[in-house]
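Colleague: what's the 3D shape of this:
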Amino acid sequence: MSDKPPLVIAIDGPAASGKGTIAAGAARELGFRYLDSGSLYRLVALKALRGGIPLTDEPALANAAATLDVDFDSGGVQLDGEDATEDIRSEAVSEAASRVAVHPNVRRALLSRQRAFRRPPGLVADGRDMGTVVFPDAAIKVFVTASAEERAKRRYKQLIAKGMSATIDGLLRDIRERDARDASRVAAPLKPADDAVILDTTDLTIDAAIGAVLDLYRVRGAPAEPRRS
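Modeller: Predicted coordinates for the structure are as follows:
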């Protein structure tokens, strides 16, 4: 039996770049496990909002991160025994998650939990520091990006489809502010790994973007043809 750790495909990028959809699609095509690391920060943010924890209280937030009672095996996400699948996708939680993620002790508390997802047959992990901090030895690193305008349009369509109110201008402003906050934070700033492949999805379909990741897998480390569902 080989002692070689399971292969990791790390997919990073800013909000609404499509990284989550691409990562989930690639994992499905390859039969790999999938880690949506952002959901962990969203869960910490949701716990803070529900519990009245200030988003500036790093010790309390780090404790919340370390003691998260979360279940990903129910077809959705449960927090403290209650369904949180929709709640963690709200704009309020998304904004709070970005503020929670700037705290080094929160990131430290979640690090081992994220790395525990690395199990056979392999892992596709998406986030903002998968290739730089969480899985620096990932065999394949992709940094997904798109123009801020295109990302605002995508987010607008998602929210409208869910019956939520939003404006393109407001979403564009929020995305630019979040980009600046994520890129300038001291702990694990948002940036491509030195050996990451940049994938601009502004003019790409989802299928084409997933195909680009699968092509990298075939070239850089596939032991055999991917198992397609």
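Colleague: can you give me the helices for the protein?
Modeller: 19-30, 37-51, 58-66, 91-100, 104-115, 148-161, 168-184, 206-220 (DSSP state H).
Colleague: got CSV for the ones you listed, with mean neighbour count too?
Modeller: C-betas here are computed from N, CA, C, even on glycine. Shown next, in CSV, are those (neighbours: other C-beta atoms under 10 Å):
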stretch, mean neighbour count
helix 19-30, 22
helix 37-51, 22
helix 58-66, 18
helix 91-100, 20
helix 104-115, 17
helix 148-161, 17
helix 168-184, 15
helix 206-220, 16
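Colleague: who's in contact with the spatially closest residue to Ala66 that is not a sequence neighbour?
Modeller: Once flanking residues are discounted, Ala66 sits nearest to Ala109: 4.3 Å by C-beta to C-beta, 6 or more residues apart in numbering. By C-beta atoms under 8 Å, 6 or more residues apart in numbering, the contact list for Ala109 reads Ala62, Asn63, Ala65, Ala66.
Colleague: how far away is Ala109 from Arg185?
Modeller: 16 Å (C-beta to C-beta, to the nearest Å).
Colleague: likewise Pro136?
Modeller: Relative to Arg185, and taking C-beta to C-beta, Pro136 is found at 18 Å.
Colleague: Stretch 9-20: how far from the chain's middle?
Modeller: 6 Å (C-alpha atoms, centre = their mean, to the nearest Å).
Colleague: Send over it as CSV, restricted to the C-alpha atoms.
Modeller: Presented in CSV, the C-alpha positions along stretch 9-20 are these (Å, rounded to 0.1, in the frame of the first residue of the first chain):
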residue,chain,number,x,y,z
ILE,A,9,-6.9,19.8,-6.6
ALA,A,10,-6.9,23.2,-4.9
ILE,A,11,-9.3,25.8,-6.5
ASP,A,12,-9.1,29.3,-5.1
GLY,A,13,-10.6,32.6,-6.2
PRO,A,14,-12.7,35.6,-5.2
ALA,A,15,-16.4,35.7,-4.5
ALA,A,16,-18.7,34.8,-7.4
SER,A,17,-15.9,33.7,-9.6
GLY,A,18,-17.5,30.3,-10.1
LYS,A,19,-14.9,28.4,-8.2
GLY,A,20,-17.4,26.5,-6.1
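Colleague: Could I get the average pLDDT for that stretch?
Modeller: Stretch 9-20 comes out with an average pLDDT of 93.
Colleague: In terms of neighbours, single out the busier of Pro136 and Arg185.
Modeller: Using other C-beta atoms under 10 Å, the more surrounded residue of Pro136 and Arg185 is Arg185, with 18 against 15.
Colleague: Report the contact partners of the more buried one.
Modeller: So Arg185 contacts Ala101, Val102 (C-beta under 8 Å, 6+ apart).
Colleague: For it, report the pLDDT, please.
Modeller: The model's pLDDT for Arg185 equals 83.
Colleague: For it, grab phi and psi.
Modeller: When read as degrees, to the nearest 10, the backbone of Arg185 gives phi -70, psi 150.
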